[in-house]
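Participant: only the shape, not the letters, is given here:
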């Protein structure tokens, strides 16, 4: 999928940036990765709070082969539920869920201890 098609698809959550990665593309908003394009398919990020909703809607979790010693590796990205693909209003809700999962996945900022003066 080319970048213009991805931008059109995510028009409801602009501005986005697209970066090449994993043999595909990472889709970001405000520096937060919330979707991937892999093999022409768009995958949305989910986490412990949203994965059940994706599963219940019939989405498939992205699993890649991994190294022979580890076996298959399940990633926190899910296919877009079929019922959502052609409904811009519904897609916006799912894209928002993915963005919120991306926000929760960000590491907490490092806090420096205060220095005491002597």
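Facilitator: Sure, I can see it. Bear in mind that the values here come from a model prediction, so they are computed numbers and not experimental data.

Participant: give the buried residues for the lowest-mean-pLDDT helix or strand in the chain.
Facilitator: Of the helices and strands making up the chain, the lowest-confidence element is strand 61-64, at a mean of 92, by mean pLDDT, DSSP states H and E. With burial defined by 16 or more other C-beta atoms under 10 Å, the residues of strand 61-64 counted as buried are residue 62. The way it works is simple: take the backbone N, C-alpha and C, and place the C-beta from them, glycine included.

Participant: give the pairing partners of that strand; include direction for each.
Facilitator: The strands beside strand 61-64 in its sheet (DSSP bridges) come out as strand 73-79 (antiparallel).

Participant: what's the next secondary structure element after the strand it pairs with?
Facilitator: Under the assignment DSSP states H and E, the closest C-terminal helix or strand after strand 73-79 is helix 88-105.

Participant: distance from that next one to the middle of the chain?
Facilitator: Averaging C-alpha coordinates over helix 88-105 and over its chain gives two centres that are 8 Å apart (C-alpha atoms, centre = their mean, to the nearest Å).
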